[in-house]
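J.: What follows is a predicted protein model with its sequence.
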Amino acid sequence: VQLQASGGGLVQAGGSLRLSCAPSGRTFNSFYMAWFRQVPGKERELVARIGRSGSITYDADSVKDRFIISRDNGKKLIYLQMNSLKPEDTAVYYCAAKTIMTGPYLWWGQGTQVTVSS
């Protein structure tokens, strides 16, 4: 299984970015997907999850009402739409995948840098 993440970049506070993740190696609909982020020196933080059927959980309180996770089964892509970005959203963002709902995320993308300037 491979995950290809893209869409990071530099944006001013209040701006928007959309991250994409393309999992491959298994049937797309078999994946449970998530976005994590990590700041140097801190633990990786779970941001949001989306299930096979599209059920969504936002795990980071700080992103609720600003970030939207979604999946496009036709294009076989996972998205993280990030709006009203804040400098504290600056991090490397990783997409992750698993095929067992109660198991750990086994596969990880390479990470994409998001930098929000004040």
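T.: On my side now, so go ahead. All values derive from a computational prediction rather than experimental measurement. Numbers count the residues shown, from 1 in each chain.
J.: ranges for the strands of the chain?
T.: Secondary structure of the chain (DSSP state E): strands at 2-6, 9-12, 17-24, 32-38, 45-50, 56-58, 67-72, 77-82, 91-98, 107-108, 112-117.
J.: now those in TSV, with mean neighbour count and mean pLDDT?
T.: For every residue, glycine as well, the C-beta is placed using N, CA and C. Output for these, formatted as TSV (neighbours: other CB atoms under 10 Å; pLDDT from 0 to 100):
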stretch	mean neighbour count	mean pLDDT
strand 2-6	17	96
strand 9-12	13	98
strand 17-24	19	97
strand 32-38	22	98
strand 45-50	19	98
strand 56-58	14	95
strand 67-72	18	97
strand 77-82	22	98
strand 91-98	22	98
strand 107-108	18	97
strand 112-117	17	98
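J.: Spatially central residue in the protein, please.
T.: W35 (2.6 Å; CA atoms, centre = their mean).
J.: what's the pLDDT at T99?
T.: Residue-level confidence at T99 comes out at 96, pLDDT.
J.: Could you double-check that it sits in contact with R26?
T.: Yes: the pair T99 / R26 is scored as a contact, 6.5 Å apart, by CB atoms under 8 Å.
J.: Not counting sequence-adjacent ones, nearest residue to T112?
T.: Nearest in space to T112, with sequence neighbours left out and distances taken as CB to CB, 6 or more residues apart in numbering, is G8 at 3.4 Å.
J.: quick one, what contacts the one you found?
T.: When contacts are counted by CB atoms under 8 Å, 6 or more residues apart in numbering, G8 touches L17, L19, V92, Y93, T112, Q113, V114, T115.
J.: For the last one, which residues are in contact?
T.: Contacts for T115 were tallied using CB under 8 Å, 6+ apart; they are G8, G9, L10, V11, T90.
J.: Next, format those residues as CSV and append distance to G54.
T.: Formatted as CSV, the contacts of T115 follow (distance: CB to CB, whole Å):
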residue, distance to G54
G8, 24
G9, 27
L10, 31
V11, 27
T90, 29
